[in-house]
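Q: I'll drop the sequence and a predicted model, then ask my questions.
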Amino acid sequence: MKIGVLALQGAVAEHLRMLEEAGATAVPVKKVEELDELDGLVLPGGESTTISKLMHKYGFMEALQEFGKAGKPIFGTCAGAILLAKQIEGQDDCHLGLMAIKVERNAFGRQKESFEVTMPVAGVGADYPAVFIRAPYIMEVGENAEVLAKYEEKIVVAREGHYLAAAFHPELTEDARLHKYFLDMVKEYRS
Ligand SMILES: NC(=O)CC[C@H](N)C(=O)O
């Protein structure tokens, strides 16, 4: 199974390491042609506006919309979840607009810019360590989406078919279970 990590900006190396640990072959993706050989893709955390600009510049907007619409699984983490969302609070436009979620950026307030908590994530475990860094939260999910985790009543992990979004950074711990969950999704959609 070959999984790419979009490598324009953000936490790329850490995702590659976790994907390998979860059992995949993981490669950084810098050119659209590299998408052809992938079974799934991770959109990493970073700064969504910066990543979005680079996506436009290198032709990834259309290429990733096709990738997603062809049924290839995509996992967006933190800024990556913002890139996947169909709606962003306070903005008229979105980026990829593939997943039926509405997100609010920087939603946990200044005093809690970054923090780590242990929380249950459905299908993953009761004690998942989640690292939040200027994280968004998911305000609403579409009718076909499932909520997998909430923190302080806010949705922080959701899945809609072959799309998975997490508000936190699953690549910044030693726990590869959420990456493993994504690989199981990829297997399901590949067969
Ligand atoms: N750690 C992150 O990915 C932060 C996301 C960032 N605040 C954004 O809005 O894009």
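A: Ah, there it is.
Q: on the strand side of things, show who the residue nearest in space to the middle of the chain bridges to.
A: Closest to where the C-alpha atoms of the chain average out (Cα atoms, centre = their mean) is Gly76, at 1.1 Å. For Gly76, the beta-bridge partners under DSSP bridges are Leu43, Ala165.
Q: contact partners for it?
A: Contact analysis of Gly76 by Cβ atoms under 8 Å, 6 or more residues apart in numbering lists Val42, Leu43, Ile82, Leu83, Leu84, Met99, Tyr163, Leu164, Ala165, Ala166. C-beta here means a position set from N, CA and C on the backbone, and glycine is covered the same way.
Q: one more pass at 7 Å, please.
A: Shown in contact with Gly76 (Cβ atoms under 7 Å, 6 or more residues apart in numbering): Leu43, Leu83, Leu84, Ala165.
Q: what's the answer for Lys72, then?
A: Counting by Cβ under 7 Å, 6+ apart, Lys72 has contacts Leu38, Gly40, Leu41.
Q: let's see the pLDDT reported for the second one.
A: Read it as Gly40. Per-residue pLDDT puts Gly40 at 98.
Q: that one: how many residues sit nearby?
A: For Gly40, the tally of surrounding residues (other Cβ atoms under 10 Å) stands at 24.
Q: what's the longest helix along the chain packed up against?
A: Using DSSP state H, we find that the single longest helix of the chain is helix 177-190. With contacts taken as 3 or more Cβ pairs under 7 Å, 6 or more residues apart in numbering; DSSP states H and E, helix 177-190 sits against strand 125-133, strand 163-166.
Q: can I get the CA coordinates of stretch 37-56 in CSV?
A: Output of stretch 37-56 as CSV, limited to C-alpha atoms (Å, rounded to 0.1, in the frame of the first residue of the first chain):
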residue,chain,number,x,y,z
GLU,A,37,0.7,5.8,-8.1
LEU,A,38,-0.9,6.4,-4.7
ASP,A,39,-3.6,4.5,-2.9
GLY,A,40,-4.2,7.3,-0.4
LEU,A,41,-3.0,10.7,0.7
VAL,A,42,-2.4,12.7,3.9
LEU,A,43,-2.8,16.5,4.0
PRO,A,44,-0.6,17.5,6.9
GLY,A,45,-0.9,20.3,9.4
GLY,A,46,0.8,23.6,8.9
GLU,A,47,-0.8,26.8,7.7
SER,A,48,-3.8,26.2,5.6
THR,A,49,-3.6,29.5,3.7
THR,A,50,0.1,28.9,2.8
ILE,A,51,-0.5,25.3,1.8
SER,A,52,-3.5,26.4,-0.3
LYS,A,53,-1.5,29.0,-2.1
LEU,A,54,1.2,26.5,-3.0
MET,A,55,-1.5,24.0,-4.0
HIS,A,56,-2.9,26.5,-6.5
